[in-house]
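> Need a 3D model of the following:
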Amino acid sequence: MTGPRILIRADAAPEIGGGHVMRCLSLARALAARGAQCAFLTNAGAAEAAPALARSGFTHASVLAALKPPFDILIADHYGISAPDETALKAASGARAVAVIDDLADRPHACDLLIDHNYGKTAAVYAGRLPPHATVLAAADYALLGPGYAQARDAALTRRASGGEAKRVLIALGMMDAGAATLPALATVRLALPDAQVDVVTGPAARSRAVLEAAAEADPQIEFTADAEDMPARMTAADIAVGAGGGSALERCCLGLPSVILILADNQEKLAKALFAAGAGVAVDAREPGFETALCNALIFLAGDPARRETMSRAAAAICDGQGAARAADAILALAANGQPAAGLKSA
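Got it, this is the predicted structure:
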């Protein structure tokens with residue numbers, strides 16, 4: 001007997017980045033491990049913007065008919081989709097139930113289950129925006145991370161606990177480097193920590209790719225990679241990260257990686273500030289002119305205080321354990337089987 005067919009609606013493009021597709025891939029892998037059959041309905045350029053989709057083995061297309069409806073469950077992860085679109089796509093796909101992934105809480109949804117995996121979120125922020133019967137899975141217990149993060153967690157936390165110098169810095173500010181902050185961040189790291197090795201990662205379609213490749217060729221202390229497939233290992237090897245305030249911040253938390261969190265967009269601000277308040281990172285607003293000064297000060301502060309980095313590592317690791325995709329997958333499969341998620345999952 002085959003498992004339920006699940007349609008995932010998510011896009012990736014230079015303008016919006018690849019985060020929606022990447023977190024849906026994490027969820028799809030967890031669903032597939034439990035017997036589900038997942039297919040992606042995307043924009044036409046999604047596989048080029050997020051090459052992990054092409055490598056994943058999951059069927060993907062930009063036309064619903066090519067994916068051969070009907071499906072059992074629709075999962076929608078798209079800031080441009082709201083209740084009317086979800087209702088229409090549910091009907092067109094033949095789905096019996098709808099799950100939504102959101103973190104904005106700025107529009108109504110016609111769903112049975114909503115997942116908001118950002119730290120500090122509760123069901124209350126969706127009051128009045130969902131059907132009365134909808135279940136909300138909120139906060140970082142449901143962070144949609146790939147399985148490599150949970151697998152690397154013990155080794156990463158053991159390494160952090162050993163202390164030592166800050167010898168390696170990871171810079172990862174999104175697949176598209178949409179805020180064009182990677183190059184100034186790199187220059188700041190080289191100024192603040194001139195002896196450190198710097199690992200710079202973007203996606204292959206990042207507009208800054210050519211200039212970052214040139215910087216790496218000119219400086220043996222810089223390693224540049226486009227489309228890294230081993231991010232858990234890179235995070236484990238790093239002593240400090242400069243990262244964005246989106247979903248990748250939770251990946252860093254899972255591995256206890258002390259971080260300077262750059263706020264690159266409005267939708268990253270709440271998470272970055274919540275992590276800062278929890279002691280899990282230092283938040284710097286990259287939308288502000290001259291943010292490099294604040295970044296430089298934060299890097300010097302962290303590099304010079306191993307005890308502070310160890311404390312930050314413990315605080316970060318307490319936020320996310322890397323098992324969120326498994327929890328979300330179980331709830332979605334219960335929805336497919338029973339018409340409602342497993343009991344006891346609704347957030348306070």
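> you'd agree residue 44 is up against residue 62?
Yes. At 4.5 Å, residue 44 and residue 62 qualify as touching, with contact defined as C-beta atoms under 8 Å. No exception for glycine: its C-beta is placed from N, CA and C like everyone else's.
> more neighbours, those two?
The residue with more neighbours, out of residue 44 and residue 62, is residue 62; 15 against 11, by other C-beta atoms under 10 Å.
> so who does the more buried one touch?
Residues in contact with residue 62, defined by C-beta atoms under 8 Å, 6 or more residues apart in numbering, are 41, 42, 43, 44, 46.
> which residues sit in contact with the last one?
The neighbourhood of residue 46, defined by C-beta under 8 Å, 6+ apart, consists of 10, 11, 12, 13, 21, 40, 53, 60, 62.
> Can you give me the distance of it to residue 33?
In this view, residue 46 and residue 33 are 23 Å apart by C-beta to C-beta, to the nearest Å.
> do the same with residue 59
When C-beta to C-beta is the yardstick, residue 59 and residue 33 sit 17 Å from each other.
> can you list the weak-confidence ranges in this protein?
Segments of the chain classed as low confidence (criterion: pLDDT under 70) are 1, 340, 342-348.
> Quick check: phi and psi at the residue nearest the centre of it.
If you average the C-alpha coordinates of the chain and look for the closest C-alpha using C-alpha atoms, centre = their mean, you land on residue 247, 2.6 Å from that point. In this entry, residue 247 is assigned phi and psi values of phi -60, psi -30 (degrees, to the nearest 10).
> Using the three-state scheme, assign residue 325.
Secondary structure state of residue 325, per DSSP: H, G, I helix; E, B strand; the rest coil, is helix.
> show me what contacts the closest residue to it other than its chain neighbours?
Spatial nearest neighbour of residue 325, excluding adjacent residues (C-beta to C-beta, 6 or more residues apart in numbering): residue 30 at 4.1 Å. By C-beta under 8 Å, 6+ apart, the residues touching residue 30 are 147, 325, 326, 328, 329.
> and this structure, what are its domains?
5-145+322-338, 148-317 (automatic domain parsing).
> just how off-centre is the shortest one within its chain?
Right, the one you point to is domain 5-145+322-338. In this view, domain 5-145+322-338 has its centroid 13 Å away from the chain centroid, taken as C-alpha atoms, centre = their mean, to the nearest Å.
> for stretch 145-163, same thing?
Stretch 145-163 has its C-alpha centroid displaced from the chain centroid by 17 Å (C-alpha atoms, centre = their mean).
> Buried ones in it, by neighbour count?
Applying a neighbour-count criterion of 16 or more other C-beta atoms under 10 Å, one finds 145, 146, 147, 148, 149, 150, 152, 153, 156, 157, 159, 160 buried in stretch 145-163.
> where along the stretch 201-348 of the chain do the strands fall?
Counting by DSSP state E, counting those that start in this stretch, the stretch 201-348 of the chain has strands at residues 222-226, 240-244, 259-263, 282-285.
> Out of those strands, the one nearest residue 339 is which?
Comparing those against residue 339 with C-beta to C-beta, the closest turns out to be strand 240-244 (37.2 Å).
> Give me the packing partners of that closest one, helices and strands only.
Taking 3 or more C-beta pairs under 8 Å, 6 or more residues apart in numbering; DSSP states H and E as the contact definition, the neighbouring helices and strands of strand 240-244 are strand 168-172, helix 248-254, strand 259-263, helix 291-303.
> mind checking which of the ones you listed is nearest residue 202?
Each of those has some distance to residue 202 by C-beta to C-beta; the shortest is strand 168-172, at 7.7 Å.
> Please enumerate residues in contact with whichever helix or strand comes after the closest one?
Using DSSP states H and E, the helix or strand that follows strand 168-172 in sequence is helix 182-192. Counting by C-beta under 8 Å, 6+ apart, the neighbours of helix 182-192 from elsewhere in the structure are 169, 171, 173, 196, 198, 200, 202, 206, 208, 211-212, 215, 219, 221-222, 242, 262, 291-292, 295-296, 299-300, 303.
> so residue 69, which of the three states?
coil.
> Over to it: give its phi and psi.
Phi and psi for residue 69, reported as degrees, to the nearest 10, are phi -60, psi 160.
> Let me see the contact set for residue 19.
Contact criterion C-beta under 8 Å, 6+ apart gives 174, 175, 246, 247, 248 as the residues in contact with residue 19.
> ok so, going back, can you pull the contacts of the residue nearest to the centre of the chain?
Counting by C-beta under 8 Å, 6+ apart, residue 247 has contacts 19, 22, 23, 117, 143, 144, 145.
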